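[1] Okay, structure incoming, though there's no sequence with it:
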């Protein structure tokens, strides 16, 4: 499992204040699926771009990350945010059923212990709560593009990349379903070359 040092080191290569890729598209998706007064966990919050947008929309939000560097940046950029450092990517010191919504924007592809991570997502969501996430799309168009040239393949499957997993609409849907979620909706969005999967699912009540 990646160490704290690993996650901290990744952030050394991210410019301070860099706008997250596809921010407007993903933020629109997020805000259209939350309501004022809800308690939201922004999981893997980074520098706090989405958490700040949620707060401005009247949402009670906790931003959490496994690295201290992005949280330090978030505190500097958005002093009013509630932020927390997670000790492990798949074991969190957060209460059971504490959140109405868990948002994970471009996070799941970085997770080594996907089963443990999704189990924790389910644990901290209230019964009937909502999981919202985005992740790069690896559908037919992306696979054909990667197969068309060695350069495109190398870019997509760079062995030193911090993307540990690759998801298609079908595989992401099946994975979420396995961990006790229902009413799952996954769609592909964004421009060619930067397509993402936008997923929503409801925590089942058993």
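    Arrived safely, thanks for sending. These numbers were taken from a predicted model, which means no experiment stands behind them.
[2] pLDDT weak spots in the chain?
    1-3, 139-163, 206 (pLDDT under 70).
[3] residue contacts, residue 66?
    Contact analysis of residue 66 by CB atoms under 8 Å, 6 or more residues apart in numbering lists 4, 7, 44, 85-89. C-beta: built from backbone N, CA, C; applies to glycine.
[4] quick one: contacts of the strand or helix carrying residue 71?
    Here residue 71, judged by DSSP states H and E, is contained in helix 68-77. With CB under 8 Å, 6+ apart as the contact definition, helix 68-77 has outside contacts at 8, 11-12, 14, 16-17, 45-48, 51-52, 63, 65, 81, 83, 85.
[5] Can you list which of those are found in strands?
    63, 65, 83, 85 (DSSP state E).
[6] out of those residues, who has the most neighbours?
    residue 63 (29 neighbours; other CB atoms under 10 Å).
[7] My understanding was that it contacts residue 86; is that so?
    No - assessed by CB atoms under 8 Å, residue 63 is found out of contact with residue 86, at 10.6 Å.
[8] how about the helix holding residue 71: buried residues?
    69-71, 73-74 (16 or more other CB atoms under 10 Å).
[9] What is the distance between it and the centre of its chain?
    17 Å (CA atoms, centre = their mean, to the nearest Å).
[10] give me every residue that touches residue 22.
    Neighbouring residues of residue 22 by CB under 8 Å, 6+ apart: 134, 190, 194, 196.
[11] Doesn't the first one lie inside a strand?
    Yes - counting by DSSP: H, G, I helix; E, B strand; the rest coil, residue 134 is found in a strand.
[12] That one and residue 97: what is the separation?
    24 Å (CB to CB, to the nearest Å).
[13] More neighbours: these two, which one.
    residue 134 (26 against 13).
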